[in-house]
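Enquirer: The amino acid sequence is not available; the structure is as follows:
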């Protein structure tokens, strides 16, 4: 009954590759950027009886169809893909678990489909004000949201992904991204081969990763475009800060690692912080372009929402459920059992 299985599910929106385990109440696991659904394999194997674990590859990732992302809808394409997938699987009200980009997707799903959500679990979720270009309270640093979107991706990393590089010869190779960004140290890395394969399975192009960009007169010289995943995460097009007052009443479990350098108040992937460190020339200063306080923004919005628990895994990075799988599973299962069946 609990054997793992995989298949491609076709809807009128997308051909989605899905990993599944178990039967019963659905639990949808949504992966992050530069990743695929295989990151959830261990958590699928740890699910107790009575739950149906579902871990899809999002569009443009893994083995799912590389349909283009309309960034002007924010994360709406991903959200609607998942809604269609759940319909095709005959799933009713569902527990949603999302990591990083996937955390933003499930929050967006909850805002638009509150009646379909049992519980929400977000791991290092995308900020409620998108990624890049905002200060405290989500205030835009520039009118055109410069410093966010497709132009912020490192072109060398994009090139290495497109070439299928599996080496550790370049500091920005996918393998070294796993070692230096996903985990707090090379010694903490688990599942390196699977995570590297997940990065390399990302579809490269303006419609997917990283997306297009527009020139800007504002620092750092580029503004978000209208296509692709990084633009879909830009505060110009996306945010889940409307969760309070949205009608969603699902309890939220927010999990993060205290050594995370991607979703952080001092993110090494965010240009405001990199500018302050001197890595991006011409930074206009914290009064004009502060580092984005992603953790503080998330805490502020969830505090207004009210029905949430924050859990910090000490000493872990961006993948606490991979670094400490049994502890994460115990926390998750307790959260899933907290809400009676709808």
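Expert: Received the coordinates, thanks. What you see is a predicted model, and the numbers here were worked out from it, not measured in a lab. Numbering: from 1, shown residues only.
Enquirer: What residues sit buried inside stretch 212-226?
Expert: By 16 or more other C-beta atoms under 10 Å, the buried positions in stretch 212-226 come out as 212, 213, 216, 218, 219, 220, 222, 223, 224, 225, 226. For glycine as for every other residue, the C-beta is placed from the backbone atoms N, C-alpha and C.
Enquirer: In helices, which of those fall?
Expert: Among the buried residues of stretch 212-226, no member is found in helices (DSSP state H).
Enquirer: Would you point out the most distant pair within those residues?
Expert: Across the buried residues of stretch 212-226, the longest distance by C-beta to C-beta is 21.4 Å; it joins 219 and 226.
Enquirer: Quick check: closest non-adjacent residue to residue 86.
Expert: Leaving aside its chain neighbours, residue 86 sits nearest to residue 94 (6.1 Å; criterion: C-beta to C-beta, 6 or more residues apart in numbering).
Enquirer: Phi and psi next, for the one you found.
Expert: Main-chain torsions, residue 94, degrees, to the nearest 10: phi -130, psi 140.
Enquirer: How much space separates the nearest residue to residue 208 once chain neighbours are set aside from residue 294?
Expert: Spatially, and ignoring its direct neighbours in sequence, residue 208 is nearest to residue 60 (3.6 Å; C-beta to C-beta, 6+ apart). As judged by C-beta to C-beta, to the nearest Å, residue 60 and residue 294 stand 23 Å apart.
Enquirer: Name the residue in the two with the higher neighbour count.
Expert: For residue 60 and residue 294, the more surrounded residue by other C-beta atoms under 10 Å is residue 294, and the numbers stand at 28 against 24.
Enquirer: Residues contacting stretch 258-266, please?
Expert: Contact with stretch 258-266 is made by 100, 124-127, 181-182, 184, 256, 267-269, 273, 291-296, 312-318, as judged by C-beta atoms under 8 Å, 6 or more residues apart in numbering.
Enquirer: residue ranges for the helices of the stretch 151-300 of the chain, please.
Expert: Secondary structure of the stretch 151-300 of the chain (DSSP state H, counting those that start in this stretch): helices at 155-163, 174-177, 192-200, 229-232, 271-276, 294-305.
Enquirer: Near the closest residue to residue 48 other than its chain neighbours, how many other residues are there?
Expert: With C-beta to C-beta, 6+ apart as the criterion, residue 48 has its nearest non-adjacent residue at 6.1 Å, and that residue is residue 333. Around residue 333 sit 16 other residues, with neighbours defined as other C-beta under 10 Å.
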